[in-house]
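Peer 1: One predicted model, sequence on top.
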Amino acid sequence: MELHQLDINNAFLHGYIDEDLYMHPPLGYTKAKPGQVCKLKRSIYGLKQASRQWNLELTKFLLHLGFQQSKYDYSMFTLKTGDSYIIVVAYVDDLLLAGTNLSCIQQLKTQLHDAFTIKDLGPLKYFLGIEVSRDSTGILLNQRKYILDLLHNTAMLDCKVADCPLPQGLKLSTQAGDLLPDPEVYRRIIGKLLYLNMTRPDISFAVQQLSQFLSAPRTSHFLVAQHVLRYLKGTLHHGLLYSADSTLQIHAYCDADWGACIDSARSLTGYCVFLGTSLISWKTKKQKVVSKSSTEAEYRSMSHTTSELTWITNLLSDLHISIPTPIPLFCDNKAAQHIAANPCFLERTKHLHIDVHYIRENVASGFIATHHVSSHLQLADVLTKSLGASHHKLLIFKLGLVFPDVSPIPA
């Protein structure tokens, strides 16, 4: 499988996009007289509609070439011709090309260049702040340079290293500490941590906790954010490894922390999804309603995870990958498993909304098979609570985070 990166420039200047499209009055505007057009006061790239119009034109061009647009991720396009297979993933004007035939990829580059102006960046190495390393063992994703830039901008390059993202048992609230005089500093840090979370599931819980206080951050929240930066300095080279020998079997872990929020008493949902040994999806999210018991919180977590598994399975089907079922879903709460498998537990579930029983329907259809896992081997634990350093390191290793033997990147 070949991976290449393209950057498309000046798409509006090379005859493919109809300029008249941007001169006609927009739909819904009734004051224009017949024959009148809009006068552009600035370039197309300066307009808010530019990205949407560009996406429409790129989509039209790829569909004209025979590509199929995924119904589950509209930024992904696929083309299968004989034994050759090409995947295009678009992010505004940056494209990733993957395929089984190098000549087909080169032909697509030529077609794109004829229609637009492209800059061929060659084999994929760096994309949107994510470094991509590839060898015979698999693909490694990390954001070392991004972390270094973050540490430099926050004057934390010389800070002491922390063993884990958050101190064990820490609980944050909206009232602890004084309000920050300049909340924008805190918001910029959290915004960067949210983006860093794309390759660092080990900070997912910490980022979720800190992002709750963006409207009115306090000194206690800022100190915890600095603690996360200290942890990142000590794990600078950690990255996600996608093994070349991984199987095409999906399995997932889900967990919940009952009443985790001391302000709202709402629980946390955490899940991680694996394709073989490779972690492909994870999330830490506060539940929308208060759960009456830990079993109910776990049951809601199982339902949310099932929704993610359904989406991933459908997305892989667009890539012509068939996933064997039932998909194992590991949970450390036996009562929640029994409720998912047995509709007779009416007294415990009669107050739940019908959408929460989505897991029960998928268990009955054979799409999901729930399994029990002991709490100390529950991988989703790292996504729902702050753990001790040793247990935290054990779980992130099992998640697939590795520490490659590389020389440090200069600041």
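Peer 2: That came in fine, so what should we check first?

Peer 1: how near is I105 to A98?
Peer 2: I105 sits 8 Å away from A98, going by Cβ to Cβ, to the nearest Å. In this view, the C-beta of every residue, glycine as well, is placed from N, C-alpha and C.

Peer 1: Next: S243.
Peer 2: With Cβ to Cβ as the criterion, S243 and A98 are 17 Å apart.

Peer 1: Looking at these two, which has the bigger crowd around it?
Peer 2: A direct count of neighbours by other Cβ atoms under 10 Å for S243 and A98 places A98 higher, at 17 against 14.

Peer 1: Can you tell me the strand partners of the stretch of helix or strand the more buried one belongs to and which way each runs?
Peer 2: Assigned by DSSP states H and E, A98 falls within strand 94-99. Partners of strand 94-99 in the sheet, by DSSP bridges, are strand 2-9 (antiparallel), strand 84-91 (antiparallel).

Peer 1: Lowest average confidence across those, which one?
Peer 2: Among the strands paired with strand 94-99, strand 2-9 carries the lowest mean pLDDT, a mean of 66.

Peer 1: Send me stretch 157-165 as PDB with only the CA atoms.
Peer 2: Coordinates of each C-alpha in stretch 157-165 appear next as PDB, following Å, rounded to 0.1, in the frame of the first residue of the first chain:
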ATOM      1  CA  LEU A 157      10.700  23.300  27.900                       C
ATOM      2  CA  ASP A 158      12.700  23.200  31.200                       C
ATOM      3  CA  CYS A 159       9.900  21.900  33.400                       C
ATOM      4  CA  LYS A 160      10.100  18.800  35.600                       C
ATOM      5  CA  VAL A 161       8.700  15.600  34.200                       C
ATOM      6  CA  ALA A 162       5.400  14.100  35.600                       C
ATOM      7  CA  ASP A 163       4.700  10.400  35.600                       C
ATOM      8  CA  CYS A 164       1.000  10.600  34.700                       C
ATOM      9  CA  PRO A 165      -1.300  13.100  33.100                       C
END
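
Peer 1: for it, the distance to its chain's centre please.
Peer 2: Here stretch 157-165 is found 25 Å from its chain centre; the criterion is Cα atoms, centre = their mean, to the nearest Å.

Peer 1: Just list the residues touching I396, thanks.
Peer 2: By Cβ atoms under 8 Å, 6 or more residues apart in numbering, the residues touching I396 are 201-202, 238, 382.

Peer 1: So which of those is the closest to A225?
Peer 2: Distances from A225 to the contacts of I396, taken as Cβ to Cβ, are shortest for D202 (15.6 Å).

Peer 1: burial of the residue lying closest to V161 once chain neighbours are set aside, as a residue count?
Peer 2: Nearest residue to V161, sequence neighbours excluded (Cβ to Cβ, 6 or more residues apart in numbering): G234, at 3.5 Å. A total of 14 residues lie near G234 under the criterion other Cβ under 10 Å.

Peer 1: Now do G234 against L309, distance only.
Peer 2: Taking Cβ to Cβ as the measure, G234 falls 33 Å from L309.

Peer 1: got it, and W282?
Peer 2: Distance from W282 to L309, by Cβ to Cβ: 13 Å.

Peer 1: who touches both of the two?
Peer 2: V273.

Peer 1: Just the endpoints, please. Distance across stretch 55-74?
Peer 2: Chord length of stretch 55-74, first to last residue, is 10 Å (Cα to Cα, to the nearest Å).

Peer 1: Give me the contact list for it.
Peer 2: Under Cβ under 8 Å, 6+ apart, the answer for stretch 55-74 is 8, 11, 16-17, 76-79, 81, 86, 88, 90, 92, 108, 111-112, 115, 311, 314-315, 318.

Peer 1: Which stretches in the stretch 1-150 of the chain count as helices?
Peer 2: Taking DSSP state H, counting those that start in this stretch as the test, the helices found in the stretch 1-150 of the chain are 50-64, 102-115, 144-153.

Peer 1: buried ones in the shortest one?
Peer 2: In other words, helix 144-153. For helix 144-153, the neighbour count (16 or more other Cβ atoms under 10 Å) marks 144-148, 150-151 as buried.

Peer 1: which intervals of this protein have sub-threshold pLDDT?
Peer 2: Scanning the chain for pLDDT under 70 picks out 1-23, 39-50, 343-356, 404-411.

Peer 1: redo that, cut-off 80
Peer 2: Along the chain, the parts satisfying pLDDT under 80 run over 1-30, 34-54, 93, 117, 263, 341-357, 403-411.

Peer 1: any idea which helix or strand comes after the helix or strand harbouring R300?
Peer 2: Secondary structure assigned from DSSP H and E places R300 in helix 294-318. Proceeding N to C from helix 294-318, the next assigned helix or strand is strand 327-331, under DSSP H and E.

Peer 1: Lovely, talk soon.
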